[in-house]
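Enquirer: need coordinates for the below:
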Amino acid sequence: MYLKSVELLHDQVSQRNQHPFDIPTVASLERLEFKRNITFFVGENGSGKSTLLEGIAYQCGFNTAGGGRNNYYDTHASESSLGHYLRLAWLPKISNGFFMRSESFYQFASHVEEVGSLKHYGGQSLHKQSHGESFLSLFMNRFNSKGIYLLDEPEAALSPARQLSLLRILHDLSDTSQFIIATHSPIILGYPGASILSFDHGSIQEVEYEDTEHVQITRSFLENRDRMLKELLRD
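Expert: Residues are numbered from 1 along each chain as shown. This is a model prediction of the structure:
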């Protein structure tokens, strides 16, 4: 591992009642340690997992709209208010890596074409591939050396089969790289031996795969589809 921990500098926060410091998991954050090369952030929308991931990306020097240290372009999502108040501990410090955020991937793909960097992403325009294919092109071509890779909901464009392909990519790189991934996908969460950190109950807690709400709801639906739909859709 490279990134050992992230710490919120509470003494520098002056407006605690404003976003993102009013998010319970952010407000309660002290020092979060990373114990494995692959860590998942899991939780409901608004629980703070993407906010923290973006703050880490800011401290890594990555473009918080998505990209690495050398990707310069602007979007409405490129400002990290939390990142200024985080301290990262490294051993060793590493600068190579990438921040992938699904919501601004279109803008990143346009940036790659504008600067003539397609050769680093498989040689084909990311816009001329399906959404899922372009995600996999990024994973297979850009994630090819030791580094720290931050992924925000990579399953957004991936079919279940392509999510399995992502698991293979994680496996191939896990000995030399570190991944921190915010996800809702029970498939991606199933990667063996990873740390799963839940943001759902006001503080960040490590949980087992079987105890995540995502897994429990998905399993319950698959095993009791008719009963659940009847209850959900009744007048």
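Enquirer: okay, Thr212: pLDDT?
Expert: pLDDT for Thr212: 96.
Enquirer: let me see the contact set for it.
Expert: Thr212 is in contact with 42, 186, 189, 196, 198, counting by Cβ atoms under 8 Å, 6 or more residues apart in numbering. Yep, even glycine has a C-beta here, placed from its N, CA and C like the rest.
Enquirer: again, but for Leu32
Expert: Contacts of Leu32 (Cβ under 8 Å, 6+ apart): 5-7, 197, 204.
Enquirer: dump these to JSON lines, plus distance to Leu88.
Expert: Putting these into JSON lines (distance: Cβ to Cβ, whole Å) gives the following:
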{"residue": "Ser5", "distance to Leu88": "7"}
{"residue": "Val6", "distance to Leu88": "6"}
{"residue": "Glu7", "distance to Leu88": "8"}
{"residue": "Leu197", "distance to Leu88": "16"}
{"residue": "Ile204", "distance to Leu88": "16"}
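Enquirer: just the buried ones from those, in PyMOL syntax?
Expert: Entered in PyMOL, the line below selects the buried ones among the contacts of Leu32, by 16 or more other Cβ atoms under 10 Å:
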select buried, resi 6+197+204
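Enquirer: out of the contacts of Leu32, which is nearest to His171?
Expert: Leu197 (20.2 Å; Cβ to Cβ).
Enquirer: which helix or strand contains that closest one?
Expert: strand 195-198 (DSSP states H and E).
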